[in-house]
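> got a structure for you, letters missing:
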């Protein structure tokens, strides 16, 4: 096989798998036009990419500190709250949560406006313990690089140098607990909303709109395609005019439960539908063990009593069934819970993971992220937003032999 020249361009995906506290996390990051000469990756990996044929993959095991900065004890600082240059009350800090490093003062190398996150790992009276280490610093991981397309340029002047692995690992790790302790996402007022009226009033108006771009919708459909099987009976919670399921899966039933009857009627994948407000009636009116899978797409941010819903989902699932909760970084701000807007994208994965933990009905939990894809040319935000909307998922599997 002829090796491409060092000036080759390649479309890649990085699949990064890691595990912590019994939860398997999978990060999928698309790289558009990786420059084999200029962009940053480990030296051996660069040559492997050049040697790969299309749809070939390379895998490597990365020990802690190999792909991200190694853990340093001196990156944990015990600081009085008076050392915080705060955009929010110091008393509002929450143990286990992440905040921008720019709010810390008097630490060498930290400047105002720095958005790199630190974790508040302890609060002791008027002091906090701030961990500035990378969230993945202590975690081994497996990275698989797949080459999807190649081309080469004969001459190039100028341009930028991109560290793609650093981008792919910006965010992962923030969803995991610190020292196995639950992160406090449930303090007073965290589930308040700007518009506290009944949801049935807000959703009276038909909204025949797509909530994420076309590339993200395809990524969401592909994800569901890995989780569902032909013959499954599926419940779609907080459903609308699209369920985002692949057309090549022949489900035995797809029951949509949502708030707008006209949107549900427009959803051609549904075999039945029910109009119900889960924020006023948390009971799922189905028999135990009714479904092989429950999905909730792009709507978890609107639930004000989510743990009750997650318990109900476990009840109506068959033994070994799955509940897949997917979301992005777009929502209706009037109806989103307060904490959702305050969190980093990957902390939102942690929040939904805690819903699964608190509900107590699931044997295992896993998470997925899909990011980095270019925004489709025809999308209305193409000129202002470079990347396609990210897709995040948290999947719980019920205990075998119980509903």
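On my side now, so go ahead. What you see is a predicted model, and the numbers here were worked out from it, not measured in a lab.

> My guess is residue 320 contacts residue 400. True?
Yes. Counting by CB atoms under 8 Å, residue 320 does reach residue 400; the two are 4.9 Å apart. Any C-beta I mention is one placed from the backbone N, CA and C, and that applies to glycine too.

> who has more neighbours, these two?
residue 320 (13 against 10; other CB atoms under 10 Å).

> Which SSE is immediately downstream of the one helix or strand the more buried one maps to?
Using DSSP states H and E, residue 320 maps to strand 317-327. Next helix or strand after strand 317-327 toward the C-terminus (DSSP H and E): helix 338-342.

> Residues touching the helix or strand just after that next one, excluding its own?
The helix or strand immediately downstream of helix 338-342 is helix 345-359, counting by DSSP H and E. Applying CB atoms under 8 Å, 6 or more residues apart in numbering, the contact partners of helix 345-359 are 23, 97-98, 171-177, 182-183, 185-186, 300-301, 306-307, 310-311, 313-314, 323, 325, 327, 329, 339-340, 343, 362, 365, 367, 369, 390, 392, 394, 396.

> Filter those down to just the ones in helices.
With helices defined by DSSP state H, the entries of the contacts of helix 345-359 inside them are 306, 307, 310, 311, 313, 314, 339, 340.

> Quick check: the gap between the fourth one and residue 277.
Right, the one you point to is residue 311. Separation of residue 311 from residue 277 (CB to CB, to the nearest Å): 18 Å.

> number of nearby residues for the nearest residue to residue 336 once chain neighbours are set aside?
Spatially, and ignoring its direct neighbours in sequence, residue 336 is nearest to residue 301 (4.5 Å; CB to CB, 6 or more residues apart in numbering). Residues near residue 301, counting by other CB under 10 Å, number 23.

> who's in contact with residue 301?
If you count contacts by CB under 8 Å, 6+ apart, residue 301 has them with 327, 331, 336, 337, 340, 348.

> okay, the residues you listed in TSV with neighbour count and pLDDT next?
Below are those laid out as TSV (neighbours: other CB atoms under 10 Å; pLDDT from 0 to 100):
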residue	neighbour count	pLDDT
327	26	98
331	18	92
336	17	94
337	22	95
340	22	96
348	24	98
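
> one step back: closest one of the ones in helices among the contacts of helix 345-359 to residue 35?
For the ones in helices among the contacts of helix 345-359, the closest approach to residue 35 (CB to CB) belongs to residue 340, at 36.5 Å.

> Tell me how far the residue lying closest to that closest one once chain neighbours are set aside lies from residue 326.
Nearest residue to residue 340, sequence neighbours excluded (CB to CB, 6+ apart): residue 301, at 4.3 Å. Separation of residue 301 from residue 326 (CB to CB) stands at 11 Å.

> Strands along the stretch 51-200 of the chain, start to end?
Using DSSP state E, counting those that start in this stretch, the strands found in the stretch 51-200 of the chain span residues 57-62, 76-80, 98-100, 117-124, 127-131, 141-152.

> Looking at those, which is nearest to residue 376?
Across the strands of the stretch 51-200 of the chain, closest to residue 376 is strand 141-152 (CB to CB), at 16.7 Å.

> buried set for the closest one?
141, 143, 145, 146, 147, 150 (16 or more other CB atoms under 10 Å).

> Ok, stretch 28-46 next?
With burial defined by 16+ other CB under 10 Å, the residues of stretch 28-46 counted as buried are 28, 29, 30, 31, 32, 34, 35, 36, 37, 39, 41, 46.

> Just the terminal-to-terminal distance for it.
From its first residue to its last, stretch 28-46 covers 19 Å (CA to CA, to the nearest Å).

> now it: how far from the chain's centre is it?
23 Å (CA atoms, centre = their mean, to the nearest Å).

> now do stretch 134-154
With CA atoms, centre = their mean as the basis, stretch 134-154 stands 18 Å off its chain's centre.

> my guess is residue 257 meets residue 240, correct?
No. Using CB under 8 Å, residue 257 is not in contact with residue 240; the gap is 10.7 Å.

> Can you give the domain ranges for this structure?
Following automatic domain parsing, one finds the domains of the chain at 8-68+137-168, 73-131, 199-398.

> out of the buried residues of stretch 28-46, which one sits closest to residue 85?
Checking the buried residues of stretch 28-46 against residue 85 with CB to CB, the nearest one is residue 29 at 32.4 Å.

> What residues does residue 271 make contact with?
Contacts of residue 271 by CB under 8 Å, 6+ apart are 251, 253, 254, 255.

> hmm, 6 Å instead?
Each residue near residue 271 by CB atoms under 6 Å, 6 or more residues apart in numbering is listed here: 253, 254.

> Check residue 168 too.
Counted by CB under 6 Å, 6+ apart, residue 168 has contacts 14, 29.

> Next one: it from residue 344, what distance?
Using CB to CB, one gets 16 Å for the distance from residue 168 to residue 344.

> repeat for residue 147
Applying CB to CB to residue 147 and residue 344 gives a distance of 30 Å.

> and residue 9, what helix or strand is that in?
Residue 9 is part of strand 8-20 when elements are defined by DSSP H and E.

> Could you pull up the mean pLDDT of that strand?
For strand 8-20, the mean pLDDT works out to 95.

> Please identify the buried residues of that strand?
Across strand 8-20, burial judged by 16+ other CB under 10 Å covers 8, 9, 10, 11, 12, 13, 14, 15, 16, 18, 20.

> Let's have these in JSON lines, adding distance to residue 132.
Converted to JSON lines, the buried residues of strand 8-20 look like this (distance: CB to CB, whole Å):
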{"residue": "8", "distance to residue 132": "37"}
{"residue": "9", "distance to residue 132": "35"}
{"residue": "10", "distance to residue 132": "34"}
{"residue": "11", "distance to residue 132": "34"}
{"residue": "12", "distance to residue 132": "30"}
{"residue": "13", "distance to residue 132": "30"}
{"residue": "14", "distance to residue 132": "25"}
{"residue": "15", "distance to residue 132": "28"}
{"residue": "16", "distance to residue 132": "22"}
{"residue": "18", "distance to residue 132": "20"}
{"residue": "20", "distance to residue 132": "19"}
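
> Many thanks, have a good one.
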